[in-house]
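Engineer: Predicted structure and sequence below. I'll ask about it afterward.
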Amino acid sequence: MHAGYSYSGRAAAYAFGNIDPTNISRIFLLGPSHHYYTPKCALSTATIYQTPVGDLPIDLEVIEELKATGKFELMDMRVDEAEHSMEMHLPYLAKVFEGHSVKVVPILVGAVSAETEAMYGRLLAKYVDDPKNFFSVSSDFCHWGSRFNYMHYDKKHGAIHKSIEALDHMGMDIIETGDPEAFKKYLQEYDNTICGRHPISVFLHMLKNCSTKVKIKFLRYEQSSQCKTMRDSSVSYASAAAKVDAISD
């Protein structure tokens, strides 16, 4: 989620409410880039993220470790401040982890190719295997309407909003399987305007390449409004929680 809280706040809370903060000491934030074009992933140069309900220090050690791979670029402070995709998660995280010592690793995911998504997935997979790490991935779902240049409508579902819901649920079901290739195929076929498609894909590749078995489950789905005519528009919000299933060999 990362629209205004009045739109997506409730849906997001379903996911954040699932977090058990007890043994977590590091949060990786993955969010799409809305204002800045890069074919790579970029790291924050800040040392702390401030929120109205508490501050979150940035894990400079891990940032250095990732920087050393030579695969990341650094975000300009202006880019960091303008990007809301991760920012919207911060007050929730600050609240959930209140009283716990936790650091964040913000990663801005650019317009990365399928090969690059897989490369970052392999690179970040080892962090999934550390149970002290937590991952917060930011995305809205379908942006429908002429202002988004996206008006896919399958009449067999009935009203437009029902068609949007069916399309989103198809994507959510695929994400739950954890298969990055199937998700890519879905996006190629329907071009659903999921703005966090790249962070989601990188995360799916991470799960594919780590040795911990993680299961994704969607908890909540909402639309900002119900589209009934071609003049309407809406944005969909979906929230999911990923939990360790069992340790595989």
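Structural biologist: Right, received. Where do you want to start?
Engineer: all contacts plus neighbour counts: C-alpha atoms, from now on.
Structural biologist: OK.
Engineer: Please give the element, helix or strand, for the closest residue to Gln223 other than its chain neighbours.
Structural biologist: Nearest in space to Gln223, with sequence neighbours left out and distances taken as CA to CA, 6 or more residues apart in numbering, is Ser236 at 4.3 Å. Assessed by DSSP states H and E, Ser236 sits inside strand 234-247.
Engineer: That strand: partners in the sheet, and parallel or antiparallel?
Structural biologist: On the basis of DSSP bridges, the sheet neighbours of strand 234-247 come out as strand 143-144 (antiparallel), strand 212-223 (antiparallel).
Engineer: Make a markdown table out of those and add distance to Ser33 and mean neighbour count.
Structural biologist: Written out in a markdown table, the entries for these read as follows (distance: least, CA to CA, whole Å; neighbours: other CA atoms under 10 Å):
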| stretch | distance to Ser33 | mean neighbour count |
| --- | --- | --- |
| strand 143-144 | 16 | 24 |
| strand 212-223 | 22 | 18 |
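Engineer: I'd like the distance from the lowest-mean-pLDDT helix or strand in the chain to the chain centre, please.
Structural biologist: When each helix and strand of the chain is scored by mean pLDDT, DSSP states H and E, helix 5-16 comes last, with a mean of 77. Average the C-alpha atoms of helix 5-16, do the same for its chain, and the two points are 13 Å apart (CA atoms, centre = their mean, to the nearest Å).
Engineer: same question, stretch 229-241
Structural biologist: With CA atoms, centre = their mean, you get 16 Å for stretch 229-241.
Engineer: So which bits of it are buried?
Structural biologist: Judged by neighbour count using 16 or more other CA atoms under 10 Å, the buried positions of stretch 229-241 are 232-241.
Engineer: beta partners of Cys73?
Structural biologist: Just so we're on the same page, residue 73 is Glu rather than Cys. Beta bridges link Glu73 to Ala42, judged by DSSP bridges.
Engineer: pretty sure it contacts Pro39?
Structural biologist: No. Taking CA atoms under 8 Å as the definition, Glu73 is not a contact partner of Pro39, at 9.8 Å.
Engineer: Now do the strand holding Ser236 and helix 5-16, the angle between them.
Structural biologist: Here the directions of strand 234-247 and helix 5-16 differ by 10 degrees (axes from the mean of the first three to the mean of the last three CA atoms, to 10 degrees).
Engineer: Begin at 521 from now on, thanks
Structural biologist: Sure, I'll start counting at 521 from here, so that last one is strand 754-767.
Engineer: could you point out the longest helix in this protein?
Structural biologist: Of all the elements of type helix in the chain, the one with the most residues (DSSP state H) is helix 680-697.
Engineer: okay, how far is it across stretch 572-583, tip to tip?
Structural biologist: Chord length of stretch 572-583, first to last residue, is 24 Å (CA to CA, to the nearest Å).
Engineer: contacts for that stretch?
Structural biologist: The set of residues that contact stretch 572-583 without belonging to it, under CA atoms under 8 Å, 6 or more residues apart in numbering, is 546, 563-564, 566-570, 610-611, 614-615, 618, 622-626.
Engineer: Tell me which of those residues fall in strands.
Structural biologist: Cross-referencing the contacts of stretch 572-583 against strands under DSSP state E gives 546, 563, 568-569, 623-626.
Engineer: Let's see if you can find the most crowded of those residues.
Structural biologist: Among those, the one with the most neighbours (other CA atoms under 10 Å) is Val624, at 26 neighbours.
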